[in-house]
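> Below is the sequence, then the predicted model.
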Amino acid sequence: MKRNTYSAIALAAALGLAGCANPDVYSGDVYGSRAAKQAQTVTYATVTSVRPVLIQAGDENPNVIGTLGGGAIGGILGHQVGGGTGQVLATAVGALAGTMVGSRAEDKLSQVKAVELEVRTDSGENLIVVQKADRTWQPGQRVRLVGSGSNLSVAPN
């Protein structure tokens, strides 16, 4: 009974931590704290193409939570099998399998549906901006590009 309780606690903790990712930071409607009270450049443009893409979130610490959580859960579950040398082997195999499954699960949980917007500015420059797909965009739509350089978002005009 005690082992089942530990398994349930470990699983709940891993799933809880996986839910901590904030995909809204990729939205054109969300500004980071550094952008608050800062002057932003506005450029007007027309959408020339729209393509659905995925943003793989969590590049800073890739798969740490999934890998560690999956390994811990796999090890705990493997430890419940057999006894003696068999139990040690089952624990190791469970931890390895859990590590792989947890890593892949975190990859999938960390993906954000996004859109690649190709725009042509009024000055004739072609740009591509990728941001969260939280609204519908159409070729020919007039838009505002807000920001500059690597911090640019597309907003309806």
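Yep, it's here. Numbers count the residues shown, from 1 in each chain.

> Specify the strand with the largest residue count in the protein.
Among the elements of type strand in the chain, defined by DSSP state E, the one spanning the most residues is strand 42-56.

> what packs against it?
Packing partners of strand 42-56 (3 or more C-beta pairs under 8 Å, 6 or more residues apart in numbering; DSSP states H and E): strand 111-121, strand 126-132, strand 142-148. The way it works is simple: take the backbone N, C-alpha and C, and place the C-beta from them, glycine included.

> The protein - how does it break down into domains?
1-25+58-109, 31-57+113-157 (automatic domain parsing).

> mean pLDDT lowest for which of these?
Within the domains of the chain, confidence is poorest for domain 1-25+58-109, with a mean of 63 (mean pLDDT).

> Could you export the helices and strands packed on strand 42-56 to a markdown table, including columns for distance to Gly82?
Shown next, in a markdown table, are the helices and strands packed on strand 42-56 (distance: least, C-beta to C-beta, whole Å):
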| stretch | distance to Gly82 |
| --- | --- |
| strand 111-121 | 37 |
| strand 126-132 | 47 |
| strand 142-148 | 58 |
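
> ok, residues contacting the longest strand of the chain?
Outside strand 42-56, the residues within contact range by C-beta atoms under 8 Å, 6 or more residues apart in numbering are 23, 26, 107, 110-123, 126-127, 130, 132-133, 137-146, 154, 157.
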